[in-house]
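> I need the structure of the sequence given here:
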Amino acid sequence: MDATPTSAVLTRAQLDLLAERVDAGADPHGLALWISRITATGALSVETIRAAAEDLKLGYDDGWYAAADAAERSPS
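Numbers count the residues shown, from 1 in each chain. I've put the predicted structure just below:
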């Protein structure tokens, strides 16, 4: 899929958790639904979380981590 991260981005910690879970065999869509239910993801949609999980599963993580790093560096 190699989705382009949206303006609302996951943090490195969230991406690491997603990667850990999909590496363990979790379904990306089910994982996204679960995360959206148990956390305050704010502007992050289930679709964004699912796209990130799919990309992490396929090894397309560079864009997501770059977006997380940029968000952490930018002033709020």
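
> buried sites along the helix or strand of the chain with the lowest mean pLDDT?
One helix or strand of the chain scores below all others by mean pLDDT, DSSP states H and E: helix 28-38, with a mean of 84. Using 16 or more other C-beta atoms under 10 Å as the test for burial, helix 28-38 gives 28, 31, 32, 35, 36. Bear in mind the C-beta positions are built from the backbone N, C-alpha and C, glycine included.

> Pick the one among the residues you listed closest to residue 60.
Among those, residue 28 lies closest to residue 60 (C-beta to C-beta), at 12.2 Å.

> Quick check: the spatially most central residue of the chain vs residue 14, distance?
The centroid of the chain falls nearest to residue 52 when counting by C-alpha atoms, centre = their mean (4.0 Å). From residue 52 across to residue 14, the span is 8 Å (C-beta to C-beta, to the nearest Å).

> swap in residue 70?
Applying C-beta to C-beta, the value for residue 70 to residue 14 is 15 Å.

> so where's this structure shaky on pLDDT?
1-7, 40-43, 76 (pLDDT under 70).

> Dump the buried residues of helix 28-38 into a markdown table; add distance to residue 61 as well.
Listed next are the buried residues of helix 28-38 as a markdown table, based on distance: C-beta to C-beta, whole Å:
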| residue | distance to residue 61 |
| --- | --- |
| 28 | 13 |
| 31 | 15 |
| 32 | 16 |
| 35 | 17 |
| 36 | 20 |
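
> pretty sure residue 29 contacts residue 50?
Yes: Residue 29 is in contact with residue 50 according to C-beta atoms under 8 Å; the separation is 5.1 Å.

> Packing partners of the helix or strand residue 19 falls within?
Residue 19 belongs to helix 12-23 when assigned by DSSP states H and E. The contact analysis (3 or more C-beta pairs under 8 Å, 6 or more residues apart in numbering; DSSP states H and E) places helix 12-23 against helix 28-38, helix 46-58, helix 62-73.

> Which one of the ones you listed lies nearest to residue 8?
Evaluated over the helices and strands packed on helix 12-23, closeness to residue 8 peaks at helix 46-58, with 6.7 Å, by C-beta to C-beta.

> Check the gap between residue 64 and residue 37 for me.
Shown here: residue 64 relative to residue 37, a distance of 21 Å by C-beta to C-beta.
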